[in-house]
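Visitor: sequence and predicted structure, then a few things I'm wondering about:
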Amino acid sequence: MIMQTTFEQEIMDLRQEIRRHEHLYYNMDAPEITDAEYDALFRRLEFLEQEHPELITRDSPTQRVGGAGLDKFGQIPHAYPMLSLSNVFGENEMSDFDARTRKALGSGVTPEYVVEPKYDGVAVELVYEKGTLVSGSTRGDGLVGEDITANVRTIRAVPLRLLPNGIFASANLLDVRGEIFMNRNDFDRLNRSREELGEQVFANPRNASAGSVRQLDSQVTATRPLRFVAHGVGRVEGAAPTTHIEIVQNLARAGLPASLEYTKPCCTIADVLEHYRFLQRIRQDLPYEIDGAVIKINSLTQQAALGVKTRSPRWAVAFKFAPLQATTVVRRIEVGVGRTGVLTPVALMQPVEIGGVTVSRATLHNQDEIDRKDVREGDTVVIQRAGDVIPEVVRVVVDKRPTDSQPYNIPDECPVCGAEALRIPDQAAKRCMNISCPARVVETIRHFVSRGAMDIEGLGVKLIEQLVTKRHVKDPADLYYLDADTLKSLERMADKSASKIVAAINASKSAPADRFLYALGLPLVGEHVARLLMERYTDMEKLSRAGLAELQEIPGIGPEVSQSVVLFFKDPKNKKMLSKFGPAGVAPVSLSQRTSRESPAKDKNFVFTGTLIMPRAEAKALVIQSGGRVTGSVTKKTDFLVVGEDPGSKLDSAQSLGVRVLNEPEFRQLLEA
Ligand code: IVH
């Protein structure tokens, strides 16, 4: 009996600890422990719960994904209606809103406003009963929404149990309102992998979020990089906030990702407009999309006095930004070939500026997208910047179409090798069927050497193209058989750079195993999945023997990923390629080897400047082997700047940003620690 209570206590403590770290990691961007330490806590909890299944609760951090898929969503009525916002257009209308509000509140009452980003996501309501998440629903018609509880539970930023801090700790019931969204870079990555798989791409991050939230199978939702931000409450029982700011601050204390960072109280309409313009300026630099500002009255008493109209409150308005669009002409449609042979059509356009960036290319994704929008060569098109970098065509200005224009069809031959290109039934993409197509090999190598993969510096696309056309390299393993003489024989290749590249290739031989797996470029195996797989299997040999069922048991690994892994290792061509790595001395370091001698460089960002005594490639390899990262420029995220002889302007940047500066001996010492 006493033993039982001890386990129970440990389980409860672990859950509390894990919840705190999840909040610090996902919502505060301020982790206190390393990933490996977090994983250890999580595994301990999983172990204890396996031993004592009777102690498993629905709000345990281990219980995010689970349960069978649905046939259709149930319905959940909202205790208080989920209203929408009326829009103001232009600064004059904003001032009118201010005048109206002052008049309605009566003389002697001065409104205080709160201005916050208008997140471009999917509106949801989360219900917490005594601190436990009991349901999640979409807005629906405002009165009744769809029951998406199982899907919401998979979003790591959404706590299954609130932290016992702040005024909501005592709330018996709390309806949290907010948006589910996707960061632009996560969205781009998701679309790229869908494109590679020949699946339909999402038009923008909001559609991707909406599609992911409305999946009947929550296992699929769990693989999507969804996030959440809370911007208000509905029904609250057992707590009595008095202002909007107090609400968001306390949502954050309770462990929710709350809209705080760019939320600003403003006393005058001039301040409101200033913050609006500020948000418009930084819009492009935010990792997620916002489409305007929401202006709310801060005092809840004043909100109540102003009341609501039929569908929107009188105490808040949305002030949207002008869209980032422009009109230009499609000169030509070009077809590129990706790693898996997918042919991707790209519109080459007359350069045009959108939001301070010159744009001349836009992806057209695939034939379905071309047909849907009917984009043709010579067309005048409206384009917009949706994701981080890749602009897209919104629509064609049909009035301006040249009379002789023809619908565009992706060719039936690969534009690079001339082999047949086929559209696989049920897939959106056409693929070059020649696995030795030079374009495919070039893309495979480019991915293999890229940052985050094997990180081999100096091997640019021009060099890779030469290596592939001259048949020095047919697959990634061949890189490890290159010598400086072969490299020197290539165009525009100096002796010094050749030996640098060889050093970089050699240094990559002991890259971490998960990066090696990611570098191999299996469909659906991104950095995160690669890490999950290598945590479980430690080396490639073991992973290659894993079966479908076994792979699917790993938390976070679904049937599609498992299928991709099994197919990869079954392919004789891949087997042959893999067998060439070992004899060339490639020996990736397993995660367990790495974490067993935890280094202070782990998960830290390094930048080098000036001339070091040890070769750069070696210094880089040291960092990577210790689990750190090397980047090119000094930013807020940089942890260490390592300076050699004659440092450049990076040193100034580091000093102004307060980044720690190390000289070479200090750097060595740190890594040897
Ligand atoms: S407050 C009654 N704050 O915009 C006030 N809404 O057009 C309700 N939205 O469906 C909303 N960011 O989902 C509020 N910071 C923010 C928001 C926000 C995005 C969404 C919200 C609502 C829609 C209204």
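Guide: Now that the structure is in, tell me what you want to look at. Numbering: from 1, shown residues only.
Visitor: leaving out sequence neighbours, find the closest residue to Gln367.
Guide: Ile410 (5.3 Å; Cβ to Cβ, 6 or more residues apart in numbering). For every residue, glycine as well, the C-beta is placed using N, CA and C.
Visitor: how about the one you found, what does it touch?
Guide: When contacts are counted by Cβ atoms under 8 Å, 6 or more residues apart in numbering, Ile410 touches 335, 343, 345, 366-367, 370, 421, 430.
Visitor: double-check that it belongs to a helix.
Guide: No. Applying DSSP: H, G, I helix; E, B strand; the rest coil, one finds Ile410 to be coil, outside a helix.
Visitor: pLDDT score assigned to it?
Guide: On the pLDDT scale, Ile410 is placed at 95.
Visitor: separation between it and Val398?
Guide: Per Cβ to Cβ, to the nearest Å, Ile410 is found 21 Å from Val398.
Visitor: Glu465 - that's part of a strand, no?
Guide: No. Per three-state DSSP, Glu465 lies outside any strand segment and is helix.
Visitor: now do it against Asn185, distance only.
Guide: 27 Å.
Visitor: and Met577, by the same measure?
Guide: Met577 sits 30 Å away from Asn185, going by Cβ to Cβ.
Visitor: distance between stretch 361-368 and the chain's centre?
Guide: Relative to its chain's centre, stretch 361-368 lies at 22 Å (Cα atoms, centre = their mean, to the nearest Å).
Visitor: now do stretch 202-211
Guide: Chain-centre distance of stretch 202-211: 13 Å, with Cα atoms, centre = their mean.
Visitor: pull out the buried residues from that stretch.
Guide: 202-206, 208-211 (16 or more other Cβ atoms under 10 Å).
Visitor: let me know whether that stretch sits next to the ligand.
Guide: No. Applying Cβ under 6 Å from any ligand atom, one finds stretch 202-211 out of contact with the ligand, separated by at least 10.6 Å.
Visitor: give me the contacts around that stretch.
Guide: With Cβ under 8 Å, 6+ apart, stretch 202-211 has contacts from 120-122, 180-184, 187, 190-191, 194, 224, 226, 288-289, 386-387, 392.
Visitor: out of the buried residues of stretch 202-211, who's nearest the ligand?
Guide: Checking the buried residues of stretch 202-211 against the ligand by Cβ to the nearest ligand atom gives Arg206 as the nearest, at 10.6 Å.
Visitor: quick check: that closest one is in a strand.
Guide: No. Using three-state DSSP, the assignment for Arg206 is helix, not a strand.
Visitor: if we can go back for a sec, so which of the contacts of stretch 202-211 belong to helices?
Guide: Counting by DSSP state H, the contacts of stretch 202-211 place 184, 187, 190-191, 194 in helices.
Visitor: which one among these sits at the bottom for pLDDT?
Guide: Ranking those by pLDDT, Arg194 lands last with 84.
Visitor: got the contact list for that residue?
Guide: Neighbouring residues of Arg194 by Cβ under 8 Å, 6+ apart: 200-202.
Visitor: looking at the residues you listed, spot the one nearest Ala104.
Guide: Phe202 (41.7 Å; Cβ to Cβ).
Visitor: tell me the pLDDT of the closest one.
Guide: The model's pLDDT for Phe202 equals 88.
Visitor: is it true that it lies in a helix?
Guide: No. Applying three-state DSSP, one finds Phe202 to be coil, outside a helix.
Visitor: any idea how far it is from Glu392?
Guide: Separation of Phe202 from Glu392 (Cβ to Cβ): 11 Å.
Visitor: and Gly627, by the same measure?
Guide: 37 Å.
Visitor: same check, this time on Thr327
Guide: Thr327 is 14 Å from Glu392, by Cβ to Cβ.
Visitor: could you do Gly336 as well?
Guide: For Gly336, the distance to Glu392 (Cβ to Cβ) stands at 15 Å.
Visitor: what residues does this structure have near the ligand?
Guide: 83-85, 116, 118-119, 123, 139, 179, 231-232, 259, 294, 313, 316, 318.
Visitor: give the buried subset of the residues you listed as a PyMOL selection command.
Guide: Only the buried entries of the residues of the chain next to the ligand go into this PyMOL selection, using 16+ other Cβ under 10 Å:
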select buried, resi 83+85+116+118+119+123+139+179+231+232+259+294+313+316+318
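Visitor: among the residues of the chain next to the ligand, which are in strands?
Guide: The strands, defined by DSSP state E, take in 116, 118-119, 123, 179, 231-232, 294, 316, 318 from those.
Visitor: hang on, the earlier thing: which of the ones in helices among the contacts of stretch 202-211 tops the neighbour count?
Guide: When neighbours are counted by other Cβ atoms under 10 Å, Phe187 leads the ones in helices among the contacts of stretch 202-211 with 27 neighbours.
Visitor: ends of stretch 411-423, how far apart?
Guide: Stretch 411-423 stretches 11 Å from its first residue to its last (Cα to Cα, to the nearest Å).
Visitor: next, the buried residues of it.
Guide: Buried residues in stretch 411-423, defined by neighbour count with 16+ other Cβ under 10 Å: 414, 416-417, 419, 421, 423.
Visitor: how close does the residue lying closest to Arg311 once chain neighbours are set aside sit to Ser299?
Guide: Leaving aside its sequence neighbours, Arg311 sits nearest to Ser84 (Cβ to Cβ, 6+ apart; 5.7 Å). Ser84 is 22 Å from Ser299, where distance means Cβ to Cβ.
Visitor: now swap in Lys573 and tell me
Guide: Plainly put, Lys573 is 68 Å away from Ser299 if you go by Cβ to Cβ.
Visitor: more neighbours, these two?
Guide: Higher neighbour count among Lys573 and Ser299: Ser299, with 21 against 10, using other Cβ under 10 Å.
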